[in-house]
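A.B. asks: no sequence on hand, only this structure:
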């Protein structure tokens, strides 16, 4: 009984909030998620050991944070139940459920955050126009267009990816845009526009006219020869591609302009291809988290409107 | 316009400051109108810049400082005009000085005034709601801070009760607005822009720390007497957290919010 009283005390709430505020603030001052040599190299030995041994290098997923957060959840739950029961039993004066609704929202938020923590999945892909990528759930996404819109001073204004999405051969989304701040929902996933980059590409053709696009840093094995596209010297039509060829005769480095041959292949063009960076996210916790915002806002309004009206 | 607003704010603060030394009256008769003038001019600055970039101009440090300072000035005017809680010249003076200091920072190299349209991540009306409500909430915390400071500097019990009431009323208005703006709409925007509603980014974490401190304040005030100094100390600490969230995180720590 004494333990129950302590668990639902406001003093415990205050103590836990003080702890979370101080350690949460400190965690922003120490870089999070780095490897061991980073801490050993940047901090005195004793402090580095302390950071690593206590898990302070990953504070928000460490026991230092999770255990007090769990205790806070229990404290909030018990406080809410206790307060709600007292309000229900109230015989005199108006009942005030504002704080209970607010606390309920915070409890739902915490549950949602735990679901996110354990169930969130994400994957990043860079795509050029024409590229296809398989998504979880049996979806196939094809990038049909990508536009990089810049302001006159060269700063980015928007990145717009246009995609088709199909499932089992049937198109489920056609020509849909993905922009920054405007993700595309696909089943349980949301696809986000997150970045833009450029990739150097040499397009090689074989004797039968087959096309073999080879990106910088990529390898192509054909007819016993491995072609490795190292880099390009110069830009535009006069650019020269540098390849590393490995064949039974031995390795060699060779340079070729557009129209000339490299091994058994012909360099058709050397181009810079725009790439869109897309991130697919599945977060089962986001629904309860966003749902929790309704009771939180409602509870805040009910609690503080009343206090202000009554002349706190 | 920003310079004229700075002059008006300085005049408002000076006028109110002079009247503090008069034993009979503690309310400067024109100070709040000067503050209103400054607020309107600063609103004009935001409007003008918004028209130039064709988006709500609340996307960099300069614009944030102008908006924040302008809203504090507006709040000073409203505080003087309202009748629900007694007016106090010390609180008004403190809040005006903070508005003045924030606007003065807008003239420093820390806040380049260049009018630039926003980068893709900032082109969101969720961001506008998030930033605007955060600063509106924090403007109330400024008033609470000034009242808490006055509380801590006096030993008169009657005055202490008045300052406590001003502090609590300001926090009672600012806290829900700040919660909605900084945390809830911030999470909505983050989910739209980055695909995660919370990233433990330094700015997010410090906004949460600020929220914790004001939550502690509200709970401590339930369990402590109103003449107790602890709630006022917490209100001062909460305001210090808002300053660190705004300036400290921007200039000392790296994160997703590095633009403003």
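C.D. replies: Sure, I can see it. Owing to the predicted nature of the structure, the values given are computational and were not obtained by experimental measurement.
A.B. asks: alpha carbons only for contacts and neighbour counts from here, please
C.D. replies: Will do.
A.B. asks: which residue does the stretch 51-200 of chain B bring closest to chain A?
C.D. replies: Residue nearest to chain A within the stretch 51-200 of chain B: residue B:193 (4.3 Å; C-alpha to the nearest C-alpha).
A.B. asks: next secondary structure after the helix or strand hosting that residue?
C.D. replies: Take DSSP states H and E as the rule and residue B:193 turns out to sit in helix B:186-194. Downstream of helix B:186-194, the first helix or strand assigned by DSSP H and E is helix B:202-223.
A.B. asks: name the helices or strands packed onto the helix or strand just after that following helix?
C.D. replies: With elements assigned by DSSP H and E, the helix or strand that comes after helix B:202-223 is helix B:230-243. Secondary-structure packing of helix B:230-243 (3 or more C-alpha pairs under 8 Å, 6 or more residues apart in numbering or on different chains; DSSP states H and E): helix B:125-153, helix B:157-178, helix B:202-223.
A.B. asks: can you put these in a markdown table and add distance to chain A and mean pLDDT?
C.D. replies: Output for those, formatted as a markdown table (distance: least, C-alpha to the nearest C-alpha, whole Å; pLDDT from 0 to 100):
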| stretch | distance to chain A | mean pLDDT |
| --- | --- | --- |
| helix B:125-153 | 9 | 95 |
| helix B:157-178 | 6 | 93 |
| helix B:202-223 | 5 | 94 |
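A.B. asks: buried deepest among these, which one?
C.D. replies: Across the helices and strands packed on helix B:230-243, averaging neighbours per residue (mean count of other C-alpha atoms under 10 Å in any protein chain shown) puts helix B:125-153 on top, at a mean of 24.
A.B. asks: give me the angle between that one and helix B:202-223.
C.D. replies: 50 degrees (axes from the mean of the first three to the mean of the last three C-alpha atoms, to 10 degrees).
A.B. asks: which helices and strands does helix B:125-153 pack with?
C.D. replies: helix B:61-81, helix B:89-105, helix B:157-178, helix B:186-194, helix B:230-243.
A.B. asks: now that helix and helix B:89-105, what's the angle there?
C.D. replies: Interaxial angle of helix B:125-153 relative to helix B:89-105 (the same axes, to 10 degrees): 130 degrees.
A.B. asks: same list (the helices and strands packed on helix B:125-153) but as a markdown table, adding distance to residue B:129.
C.D. replies: Conversion of these to a markdown table gives the following (distance: least, C-alpha to C-alpha, whole Å):
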| stretch | distance to residue B:129 |
| --- | --- |
| helix B:61-81 | 13 |
| helix B:89-105 | 21 |
| helix B:157-178 | 11 |
| helix B:186-194 | 8 |
| helix B:230-243 | 18 |
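A.B. asks: what's the spacing between residue A:254 and residue A:226?
C.D. replies: 13 Å (C-alpha to C-alpha, to the nearest Å).
A.B. asks: actually, residue A:277.
C.D. replies: From residue A:277 to residue A:226 the distance is 29 Å (C-alpha to C-alpha).
A.B. asks: and residue A:280, helix, strand or coil?
C.D. replies: Using DSSP: H, G, I helix; E, B strand; the rest coil, the three-state assignment for residue A:280 comes out as strand.
A.B. asks: pLDDT score assigned to it?
C.D. replies: Looking at residue A:280, its pLDDT is 94.
A.B. asks: now it: closest residue in space, sequence neighbours ignored.
C.D. replies: residue A:191 (4.5 Å; C-alpha to C-alpha, 6 or more residues apart in numbering or on different chains).
A.B. asks: with residue B:139 instead?
C.D. replies: Spatial nearest neighbour of residue B:139, chain neighbours left out: residue B:72 (5.2 Å); criterion: C-alpha to C-alpha, 6+ apart.
A.B. asks: quick check: pLDDT value at the one you found.
C.D. replies: For residue B:72, the model assigns a pLDDT of 97.
A.B. asks: contacts only, for it.
C.D. replies: Counting by C-alpha atoms under 8 Å, 6 or more residues apart in numbering or on different chains, residue B:72 touches B:95, B:96, B:99, B:139, B:140, B:142.
A.B. asks: and for residue B:245?
C.D. replies: Counted by C-alpha under 8 Å, 6+ apart, residue B:245 has contacts B:203, B:206, B:207, B:210.
A.B. asks: lowest-pLDDT helix or strand in chain B?
C.D. replies: helix B:249-252 (a mean of 82; mean pLDDT, DSSP states H and E).
A.B. asks: for that helix, which positions count as buried?
C.D. replies: In terms of neighbour count (16 or more other C-alpha atoms under 10 Å in any protein chain shown), helix B:249-252 has its buried residues at B:249, B:250.
A.B. asks: just how off-centre is that helix within its chain?
C.D. replies: The chain centre lies 18 Å from the centre of helix B:249-252; the measure is C-alpha atoms, centre = their mean, to the nearest Å.
A.B. asks: with stretch A:160-179 instead?
C.D. replies: Relative to its chain's centre, stretch A:160-179 lies at 21 Å (C-alpha atoms, centre = their mean).
A.B. asks: and it, average pLDDT?
C.D. replies: 92.
A.B. asks: end to end on it, go ahead and measure it.
C.D. replies: 5 Å.
A.B. asks: in it, what counts as buried?
C.D. replies: For stretch A:160-179, by 16+ other C-alpha under 10 Å, it's A:160, A:161, A:162, A:163, A:164, A:165, A:166, A:173, A:176, A:177, A:178, A:179.
A.B. asks: need the max-distance pair from the contacts of residue B:245.
C.D. replies: Spatially, the most separated pair among the contacts of residue B:245 is B:203 and B:210, at 10.4 Å (C-alpha to C-alpha).
A.B. asks: now do residue A:126 against residue A:142, distance only.
C.D. replies: Residue A:126 is 12 Å from residue A:142, by C-alpha to C-alpha.
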